[in-house]
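1. After the sequence you'll find the predicted model.
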Amino acid sequence: MSGSGAQAKATAKTSAELTAAQAALAAEHAAVYGYGVVGARIDEGRRTEARAAYDAHRARRDELARTVRDLGGKPGPAAAAYALPFAVADAESALRLAAELEDRVAGVYSDLVRAAEGDRRQAAARSLRDAAVRAVRWRGESVPFPGLAERSATATTSATPTS
């Protein structure tokens, strides 16, 4: 392969990784927002678990912002608010929201695993695993192929910021 061909391939790989990292960052912004809602409605007995998940997503958000900068990008900002996939009026719906947030985060991390290499790929795989485990804890059951909506029984969509 010529020098310019190899360089073009490396640039495309970096671009795909940057796009996937930005998507993961956006999902982490949405998860941090969503866990604020979960924390307000969750039963007292699970509030510590919700706080731990909130803290984990904040840490991953900050890590992803660094990753985006390392890849030559400008980290996308959080939206002022996000549209929730359903009304969260009680502890039961808060549990459903927590599981949904984790499913969505797992989905974008599966894309980052596919796009990244080396240490970033390992970090993305750990993040996918952590989100899948939290989703199981919130839902009380697992789904096949966490992070791969096209392979699971219930496909999810990305969280959307509201204007």
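-> Structure received.
2. Now Ala16: closest residue in space that isn't a chain neighbour?
-> Of all residues not flanking Ala16 in the chain, Ala115 sits nearest, at 4.6 Å (C-beta to C-beta, 6 or more residues apart in numbering). (Glycine included, C-beta is placed from N, CA and C.)
3. Can you list the residue ranges for helices in the protein?
-> 3-41, 47-70, 91-115, 118-139 (DSSP state H).
4. if we can go back for a sec, any figure for the gap between the residue nearest to Ala16 and Glu17?
-> Ala115 sits 5 Å away from Glu17, going by C-beta to C-beta, to the nearest Å.
5. for the nearest residue to Ala26 once chain neighbours are set aside, what are its contacts?
-> Distance criterion C-beta to C-beta, 6+ apart; nearest residue to Ala26, sequence neighbours excluded, is Gly76 at 5.7 Å. With contact set as C-beta atoms under 8 Å, 6 or more residues apart in numbering, Gly76 has these partners: Gln22, Leu25, Ala26, His29, Val68.
6. returning to what we had before: a markdown table for the helices of the chain, including mean pLDDT?
-> Converted to a markdown table, the helices of the chain look like this (pLDDT from 0 to 100):
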| stretch | mean pLDDT |
| --- | --- |
| helix 3-41 | 86 |
| helix 47-70 | 97 |
| helix 91-115 | 96 |
| helix 118-139 | 95 |
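7. Kindly compare burial across these and name the winner.
-> Of all these, helix 91-115 carries the top mean neighbour count, a mean of 23, counting by mean count of other C-beta atoms under 10 Å.
8. From the chain's centroid, how far away is it?
-> Relative to its chain's centre, helix 91-115 lies at 6 Å (C-alpha atoms, centre = their mean, to the nearest Å).
9. for it, packing partners?
-> Using 3 or more C-beta pairs under 8 Å, 6 or more residues apart in numbering; DSSP states H and E, the elements in contact with helix 91-115 are helix 3-41, helix 47-70, helix 118-139.
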